[in-house]
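In: with the input below, show me the fold.
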Amino acid sequence: MFSKILVPLDGSSLAEQALPLARQFAEDRGAHLVFLRVVPYFTVLAADPLLYEEMNRLGEDEATAYLRRVRNGLADPQSADLVCEVGSAADSILQYAQNNDVDLILMSSHGRSGLNRWVYGSVAERIMSHAPCPTLIVKADHSTCHGIPERMLVTLDGSELAEKALPAALELAALGPELHLLRVTTSGHIRFETDAMAEVFTDIESDEVAQAQAYLQDQAGKLDIPDAKLAVEVTKSSIAEAIIAYAAREDIGLIVMSSHGRTGLQRWIYGSVAEKVLHTARCATMIVRNI
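Out: Model prediction:
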């Protein structure tokens with residue numbers, strides 16, 4: 001499934017935190033890597049065409065030399081192509097992925113420090129929201145980004161849209177991580193309730209948990225992974241908070257989820273869940289967009 005992987009880099013050690021996992025895809029799964037570096041336009045120099053052209057050329061030369069050094073660190077340097085683009089980082093990454101049949105974009109959540117670090121973070125968010133393929137974003141400040149993690153979590157909400165994340169998770173499971181399937185249900189109780197109301201709400205909640213458990217069992221059977229860990233979280237907090245708490249408690253190294261779940265208002269909510277998980281979870285996140 002992930003035979004062609006695009007790895008955007010900006011020359012910083014933070015952005016390079018995506019490289020260990022990229023190497024593992026290349027060495028263990030035979031994936032072909034594309035190292036991409038985007039050189040920004042020197043718009044301040046546009047008034048002088050000759051200087052503008054020379055600065056852009058020097059920027060491309062430096063970027064290409066950097067990418068060659070990165071490629072030489074691979075066990076098989078021939079397993080990676082080098083691409084240097086001039087322009088907007090997010091636009092260049094998305095356009096390359098769209099035009100070159102990229103199967104996965106693998107990148108760090110942060111790049112250079114200072115203002116550029118904030119900008120690179122916004123690049124990751126935009127790519128997550130518009131990429132034509134799954135996007136795996138590792139956290140540059142966390143140890144789980146060093147290769148495939150030991151435990152992987154897939155979040156589901158019972159919808160076919162959310163289940164779009166399962167094929168990508170199955171591909172990653174071939175690399176060896178323990179697979180967890182999680183469905184979050186909300187509590188049926190309210191703050192002020194009579195004993196009779198509490199009993200009814202408890203029965204409803206129990207039925208929802210049983211249905212969620214049966215649903216996860218069915219999904220695990222379809223995936224043919226009998227040892228998958230199944231969990232149902234009942235929470236009064238937000239769905240995103242429940243996912244993040246489960247990931248922290250179970251020492252999850254990678255969360256895989258769809259960008260959208262149920263339709264209508266709930267679809268919008270599930271999209272916001274993906275964004276909150278990406279920003280808050282301490283582990284890597286893979287977002288599979290429903291296109």
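
In: quick one: D101 and S3 touch, right?
Out: No: with contact defined as C-beta atoms under 8 Å, D101 does not count as touching S3 (9.2 Å). For every residue, glycine as well, the C-beta is placed using N, CA and C.

In: between those two, who's got more neighbours?
Out: S3 (13 against 10; other C-beta atoms under 10 Å).

In: tally of neighbours for L6?
Out: 26.

In: likewise for A281?
Out: Neighbour count of A281, defined by other C-beta under 10 Å: 22.

In: V138 now?
Out: As a measure of burial, V138 has 29 neighbours, counting by other C-beta under 10 Å.

In: quick one, phi/psi of it?
Out: phi -90, psi 150 (degrees, to the nearest 10).

In: any idea how far it lies from A80?
Out: Shown here: V138 relative to A80, a distance of 18 Å by C-beta to C-beta, to the nearest Å.

In: I225 too?
Out: 31 Å.

In: between these two, who's got more neighbours?
Out: A80 (22 against 16).

In: for the more buried one, give the beta-bridge partners.
Out: Applying DSSP bridges to A80 gives these bridge partners: L33.

In: now do the contacts for it.
Out: A80 makes contacts with 26, 32-35, 71, 74, as judged by C-beta atoms under 8 Å, 6 or more residues apart in numbering.

In: and with 6 Å instead?
Out: Neighbouring residues of A80 by C-beta atoms under 6 Å, 6 or more residues apart in numbering: 33, 35, 71, 74.

In: check those residues for burial and list the buried ones.
Out: With burial judged by 16 or more other C-beta atoms under 10 Å, the buried subset of the contacts of A80 is 33, 35, 71, 74.

In: what's the farthest-apart pair in the contacts of A80?
Out: Using C-beta to C-beta, the contacts of A80 reach their maximum pairwise distance at F35 and L74, which is 9.5 Å.

In: just to revisit the earlier point, closest one to S258 out of the contacts of A80, please.
Out: L33 (25.0 Å).

In: pretty sure that closest one sits against Q24.
Out: No: using C-beta atoms under 6 Å, L33 is not in contact with Q24; the gap is 10.9 Å.

In: in the stretch 151-291 of the chain, what spans have low per-residue confidence?
Out: Residues of the stretch 151-291 of the chain that meet the criterion pLDDT under 70 lie in 187-204, 261-271, 291.

In: can you pull out the strands in it?
Out: Along the stretch 151-291 of the chain, counting by DSSP state E, counting those that start in this stretch, strands occupy 151-156, 178-186, 229-235, 254-258, 284-288.

In: any chance of these in a markdown table, plus mean neighbour count and distance to Q17?
Out: Shown next, in a markdown table, are those (neighbours: other C-beta atoms under 10 Å; distance: least, C-beta to C-beta, whole Å):
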| stretch | mean neighbour count | distance to Q17 |
| --- | --- | --- |
| strand 151-156 | 25 | 18 |
| strand 178-186 | 21 | 22 |
| strand 229-235 | 17 | 27 |
| strand 254-258 | 27 | 14 |
| strand 284-288 | 26 | 10 |
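
In: out of those, nearest to P167?
Out: Of those, the one closest to P167 (C-beta to C-beta) turns out to be strand 284-288, at 8.3 Å.
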